[in-house]
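Chemist: Just to be clear, the model below is a prediction. Sequence and coordinates:
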Amino acid sequence: MQSQIEVNGRQVQVEVSRRADKLLQQRTTPLRVEMELHFGCMVRKQVTFHEQATAEYLPELSGNLKVDFRPLINKVCSVGAASSSETAVPMEHPEAFVPHWLKIDYHHGQWQGEFGYQK
């Protein structure tokens, strides 16, 4: 399934595999997909899936998938445990960093995702 969703004022192309779409249709509660773009010493992209989509304000795709985007920047640059999200703060203009696409799949009993930008 391919569709678009608006995140922070920007359209994101969402591609959901057949296997993932089938599981999403069977859900009774929405799945929350969080895209995190973390600027530290290096840039890290991560997609996390949360079984409970508690935030009502999140954009919803087909009633059973909610999408969130968090761009973070570290207060300091350090390697190791101190480079985690605990030392990061949200960016002032998140709309400038919203990805262009998001892909979602379900493989080997786990949700999988990736996001990116067009060149």
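Modeler: On my side now, so go ahead.
Chemist: Where do the helices of this protein begin and end?
Modeler: Under the criterion DSSP state H, the chain contains helices at 18-26.
Chemist: lowest average confidence, helix or strand, in it?
Modeler: Lowest by mean pLDDT, DSSP states H and E among the helices and strands of the chain is strand 88-90, with a mean of 67.
Chemist: tell me the centre residue of this protein?
Modeler: Centroid-nearest residue in the chain: Met35, 2.0 Å away (criterion: C-alpha atoms, centre = their mean).
Chemist: Can you give me the distance of the spatially closest residue to Gln46 that is not a sequence neighbour to Arg18?
Modeler: Nearest residue to Gln46, sequence neighbours excluded (C-beta to C-beta, 6 or more residues apart in numbering): Glu36, at 4.7 Å. The way it works is simple: take the backbone N, C-alpha and C, and place the C-beta from them, glycine included. Separation of Glu36 from Arg18 (C-beta to C-beta, to the nearest Å) stands at 26 Å.
Chemist: Show me which of the two is the more surrounded one.
Modeler: Taking other C-beta atoms under 10 Å, Glu36 and Arg18 do not tie; Glu36 has more neighbours (17 against 10).
Chemist: per-residue confidence at that one?
Modeler: We have a pLDDT of 92 for Glu36.
Chemist: And for the one 3 residues further on?
Modeler: Looking at Phe39, its pLDDT stands at 85.
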